[in-house]
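K.L.:
fold the following for me, if possible:
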Amino acid sequence: MSVQTYPEPTVGALIYNPEGQIFIMKSHKWGHQYALPGGHIEIGETMAQALIREVKEETNLNIFDIQFVSFFEVIFDPAFWEKKHFIFFDFVCKTNDSDVVLNDEAQSYEWVAPEDVFTYPLESNTRKFIMNYFSK
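P.N.:
Purely as a prediction, here's the structure:
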């Protein structure tokens with residue numbers, strides 16, 4: 001593992017399906033807790049392009065109606081599998097797809113009713129983002 005020189009800008013997606021459920025996935029990168037799909041922004045890529053790419057890579061879902069919600073900083077979160085300084089840019093979006101194919105970053109997933117999401121073991125940054133989003 002190389003030493004990080006600068007904070008890493010990343011995107012995350014709170015995805016709604018046509019039934020109004022939201023997508024969460026269990027990831028070994030976050031201590032086997034549930035998180036949202038997303039990842040780093042590549043050079044020359046907009047945040048929306050990164051979000052579309054990362055969601056497709058991690059879940060096989062196509063997303064649309066992408067809306068920016070918030071950003072926050074996470075510095076060396078002990079729950080993450082590597083020592084990283086992130087700047088998270090979080091979005092809400094929709095999908096009409098139902099054929100989820102996970103890559104190796106997630107071990108399982110759930111589509112959950114928004115009122116039930118906090119009954120799942122969410123990693124703390126995901127919990128914070130969803131709580132802030134629902135409170136608006």
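
K.L.:
counting contacts, what elements does the lengthiest helix in the chain pack onto?
P.N.:
Scanning the chain for the helix with the most residues, using DSSP state H, yields helix 47-59. Applying 3 or more C-beta pairs under 8 Å, 6 or more residues apart in numbering; DSSP states H and E, we find helix 47-59 packed against strand 8-16, strand 22-27, strand 38-40, strand 64-75, strand 85-94. To be clear about C-beta, it is placed using only N, CA and C from the backbone, and glycine gets the same treatment.

K.L.:
any idea how far the residue most central in space within the chain is from residue 122?
P.N.:
Among the residues of the chain, the one closest to the centroid is residue 36, at 2.7 Å (C-alpha atoms, centre = their mean). According to C-beta to C-beta, to the nearest Å, residue 36 and residue 122 sit 9 Å apart.

K.L.:
identify the contacts common to these two.
P.N.:
residue 24 (C-beta atoms under 8 Å, 6 or more residues apart in numbering).

K.L.:
and the angle for the longest helix of the chain with strand 64-75?
P.N.:
Angle, helix 47-59 to strand 64-75, by axes from the mean of the first three to the mean of the last three C-alpha atoms, to 10 degrees: 90 degrees.
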